[in-house]
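Q: The following block contains a protein sequence and its predicted model.
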Amino acid sequence: MLLERYLDDLAAATMQEALGLEERPRALLRTTQDPKFGDYQINGAMALAKRLKKAPRDLAGPIAEAMAKHEAIAKADVAGPGFVNLTLDAGWLGRQLAAALGDARLGVDAVEAPEKIVVDFSSPNIAKQMHVGHLRSTIIGWSLVQLYRAVGHEVIGDNHLGDWGTQFGLLIVGMREFGDEGALEKDAIAELERVYKLASKKAKEDEAFAESARAELAKLQGGDPENTALWERFVATTRQTLEAIYARLGVRFDEWLGESAYDAMLPGVVETLLEKGIAREDQGAICVFFHDMDPGAIEGAVEGYALPKRLRKQKQPFIVRKKDGAFLYSTTDIATVLHRKEEMGADRSVYVVGAPQALHFEQLFAVMRLLGVEMGLEHVSFGSVLGEDGKPLKTRDGKTVKLKDLLDEAEQKTREIVEASRAEGKLRIAEEDLDEAVATIGIGAVKWADLMQNRATDYKYDPEKMCSFKGNAGPYVQYQYARVRSLFAEGGLEYEGFEAPIAPEHEAEVGLARVLIRFGDVVHRAAEGSLPNLICDHLYEVASAYSRFYTQCPVLKSEGETRETRLGLAALAGRQLEKGLELLGIEVLERM
């Protein structure tokens, strides 16, 4: 159930009838800032007062009186200058929650107009190890795939690999001069990185070597069998390493369409841009200049499209072909949008890429509008992972932190905390389950610490804090889920498929119910805004409310309707925690 939409519609209809209005007004429903004033607040009377030339409280009175008659409302009070505070009826709440308990979707309604969405995320480069900079794109992107699907969209997760370009000419000549076949077999990525550094350094110092690299790249682009076989080996060995990281993170892709998939389209893309007058030649390069562009003069451009203000002032060009004839990832990105629109039939393409690329995507999206592409294009940007010093996270010797090493550190810290808690009797994880538990908790801790942040902000990486079983941390939420499962196991009850009538009465029961009823709204808001942190906020509220409920309300020792209500609330809390963590890409444990 989308409670807020339901209440907003109810309040608007009530206001229209109570005030005798010809048109339905806006209710301006909000959650109350303090629960002691109720659950929700109607602010619509304040907005209507000036137009109707009446005091807000005079309008709020009839609204409150009419709202109080509805079965969903236990109390409606006029407050302040003209607000209407609403307290939900506990019995009505219980009926909605019981219905959600018997619903496979947990009351999360599907959107009325589902879309086909491509989520472009992770996208590392071939022949390079994944580093901390890939963490956020990978786990935010995977969460968005789950969120969009949860509200009914068809979603394609695409790993747009950096698997084409000038670096492969250097790798080919580098492998022939510096390569070690044994090292390549043992640790392919490390060897490819070593070779690339040596080849790149020599190319800067030796023009003949650089020319040889360009020649080998041209042969590769022309389909030379030997170079193609080498390139395919680079891609295959890198992908094998990447898939090991993705397996640890529980991330999967529907497509792995790298830059190479669009290579054949690039000459045609540039030709089209020139023909339409979107791009022009400048000092041998083919560029798009936005500062003197008139979208209305471009045949086929999206009707009424106006360039963003920043681009109208941007004199730096958007280059689509360099003067040496080489294409850039800007060209590939244009081809990728066209492919997703024309071949995949996508309604929207979402790019989960760091904030520093904001200008690139603004330019890319502008070019697509000038080409007449109307499909939704969205840059889901995010901040950086910082060290204790507030600067981008680095190793002690100033190098970029490898993602594998970061995950290893999180698991090691988790192992230390788990083993200490086992020794104190606080956790009951069997020895044979320890490795699996440590991996599940440790990786979950990394994800939670990242996803709980508003993605637009930077955050400091703190393994001690993120692996804690106290406060707003992944292990704490996983632990509360495990407590639910332990409760049902202790009572000899079947957790899966459990249903029961719910009629909350105790303060802690009602408190938990008021949190649980918001699940559908939260999932929709998180999907609409591409904001996984809203899921974290809700799950932490559920975990905290369940902990209070568990402490104050004996479940298995209670009887009759009270026992059914408490079991029902516990089961729904468990399912929301499990589903919510799934939306974040975090696994659960049944015993902790």
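A: Received, thanks.

Q: Which residue ranges of the chain form strands?
A: Under the criterion DSSP state E, the chain carries strands at the ranges 29-31, 40-42, 73-79, 83-88, 116-120, 154-158, 280-282, 285-288, 318-321, 348-352, 376-380, 385-386, 459-460.

Q: and Val588, which of these is closest to it?
A: Each of the strands of the chain has some distance to Val588 by Cβ to Cβ; the shortest is strand 154-158, at 21.7 Å. Heads up, the C-betas are built off the backbone N, CA and C, glycines and all.

Q: Go ahead and name everything in contact with that closest one.
A: For strand 154-158, contacts defined as Cβ atoms under 8 Å, 6 or more residues apart in numbering pick out 114-121, 141-142, 145, 148-149, 252-257, 344, 346.

Q: Buried subset of the residues you listed, written for ChimeraX?
A: Burial among the contacts of strand 154-158 is assessed by 16 or more other Cβ atoms under 10 Å; the matching ChimeraX selection reads:
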select :116,117,118,119,120,121,141,142,145,148,149,253,256,257,346
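
Q: So which of the contacts of strand 154-158 are in helices?
A: Among the contacts of strand 154-158, the members falling in helices are Gly141, Trp142, Val145, Tyr148, Arg149 (criterion: DSSP state H).

Q: sorry, back to before: between the strands of the chain, which one is closest to Tyr476.
A: Nearest to Tyr476, of those and by Cβ to Cβ, is strand 459-460 at 17.7 Å.

Q: by contact count, what packs against the closest one?
A: Based on contacts counted as 3 or more Cβ pairs under 8 Å, 6 or more residues apart in numbering; DSSP states H and E, the elements that strand 459-460 packs against are strand 385-386.

Q: Pull out the buried residues from the lowest-mean-pLDDT helix or strand in the chain.
A: Here the helix or strand of the chain ranked lowest by mean pLDDT, DSSP states H and E is helix 181-186, holding a mean of 89. Under the neighbour-count criterion of 16+ other Cβ under 10 Å, helix 181-186 has Leu184 buried.

Q: Please tell me how far Lys413 sits from Ala215.
A: Distance of Lys413 to Ala215, given as Cβ to Cβ, to the nearest Å: 49 Å.

Q: which of these two has more neighbours?
A: Just comparing Lys413 and Ala215: by other Cβ atoms under 10 Å the higher neighbour count belongs to Lys413, 18 against 13.

Q: In contact with that one, which residues?
A: Applying Cβ under 8 Å, 6+ apart to Lys413 gives the contacts Gly442, Pro463, Glu464, Cys467.

Q: pLDDT score for the third one?
A: Turning to Glu464, the model gives it a pLDDT of 91.

Q: residues in contact with the residue lying farthest from the centre of the chain?
A: Among residues of the chain, the one most distant from the C-alpha centroid is Ala208; the distance is 46.5 Å, by Cα atoms, centre = their mean. Neighbouring residues of Ala208 by Cβ under 8 Å, 6+ apart: there are none.

Q: okay, now Val235: neighbour count?
A: Number of residues near Val235 (other Cβ under 10 Å) recorded here: 19.

Q: now it: how far from Asp163?
A: Taking Cβ to Cβ as the measure, Val235 falls 5 Å from Asp163.

Q: How about Asp333?
A: Taking Cβ to Cβ as the measure, Asp333 and Asp163 are separated by 14 Å.

Q: Buried residues in stretch 190-198, which are they?
A: Judged by neighbour count (16+ other Cβ under 10 Å), stretch 190-198 contains these buried residues: Glu191, Leu192, Arg194, Val195, Tyr196.

Q: Could you identify the most distant pair in those?
A: For these, with distances taken as Cβ to Cβ, the pair at the greatest spread is Glu191 and Tyr196 (9.6 Å).

Q: For the stretch 451-592 of the chain, which segments are assigned as helices?
A: 463-466, 474-490, 507-516, 519-529, 533-552, 560-583 (DSSP state H, counting those that start in this stretch).

Q: er, the stretch 101-250 of the chain actually
A: 135-150, 167-178, 181-186, 188-205, 207-221, 225-249.

Q: most neighbours per residue, which of the ones you listed?
A: Among those, the stretch with the highest mean neighbour count (mean count of other Cβ atoms under 10 Å) is helix 135-150, at a mean of 24.

Q: Which other helices and strands does that one contact?
A: strand 116-120, strand 154-158, helix 225-249, strand 348-352, strand 376-380, helix 434-451, helix 519-529, helix 560-583.

Q: Redo those as JSON lines? Include distance to Lys313 and mean pLDDT.
A: What follows is those, written out as JSON lines (distance: least, Cβ to Cβ, whole Å; pLDDT from 0 to 100):
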{"stretch": "strand 116-120", "distance to Lys313": "28", "mean pLDDT": "99"}
{"stretch": "strand 154-158", "distance to Lys313": "33", "mean pLDDT": "99"}
{"stretch": "helix 225-249", "distance to Lys313": "39", "mean pLDDT": "95"}
{"stretch": "strand 348-352", "distance to Lys313": "23", "mean pLDDT": "99"}
{"stretch": "strand 376-380", "distance to Lys313": "19", "mean pLDDT": "99"}
{"stretch": "helix 434-451", "distance to Lys313": "34", "mean pLDDT": "98"}
{"stretch": "helix 519-529", "distance to Lys313": "28", "mean pLDDT": "98"}
{"stretch": "helix 560-583", "distance to Lys313": "40", "mean pLDDT": "99"}
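
Q: I'd like those as a markdown table, with distance to Val542 appended.
A: Putting the helices and strands packed on helix 135-150 into a markdown table (distance: least, Cβ to Cβ, whole Å) gives the following:
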| stretch | distance to Val542 |
| --- | --- |
| strand 116-120 | 26 |
| strand 154-158 | 25 |
| helix 225-249 | 24 |
| strand 348-352 | 26 |
| strand 376-380 | 25 |
| helix 434-451 | 14 |
| helix 519-529 | 8 |
| helix 560-583 | 6 |
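
Q: quick one: which of the ones you listed is nearest Gly277?
A: With Cβ to Cβ as the criterion, Gly277 lies closest to strand 376-380 of these, at 21.6 Å.

Q: for that closest one, the distance to its chain's centre please.
A: Once both centres are worked out by Cα atoms, centre = their mean, to the nearest Å, strand 376-380 turns out to sit 13 Å from its chain's centre.

Q: Give me the sheet partners of it and which way each runs.
A: Based on DSSP bridges, the strands next to strand 376-380 in the sheet, each with its direction, are strand 348-352 (parallel).

Q: what number of residues lie near Thr31?
A: As a burial measure, Thr31 scores 12 neighbours (other Cβ under 10 Å).

Q: separation between the closest residue to it other than its chain neighbours and Leu29?
A: Residue nearest to Thr31 in three dimensions, not counting chain neighbours: Tyr40, with 5.9 Å by Cβ to Cβ, 6 or more residues apart in numbering. Counting by Cβ to Cβ, the separation of Tyr40 from Leu29 is 6 Å.

Q: what do these two both touch?
A: With contacts defined as Cβ under 8 Å, 6+ apart, the residues shared by Tyr40 and Leu29 are Glu4, Leu7.

Q: gap between the spatially closest residue to Arg455 that is not a sequence neighbour and Ser200?
A: By the measure of Cβ to Cβ, 6+ apart, the closest residue to Arg455 outside its immediate chain neighbours is Phe382, 4.2 Å from it. Here the criterion is Cβ to Cβ. By it, Phe382 lies 29 Å from Ser200.
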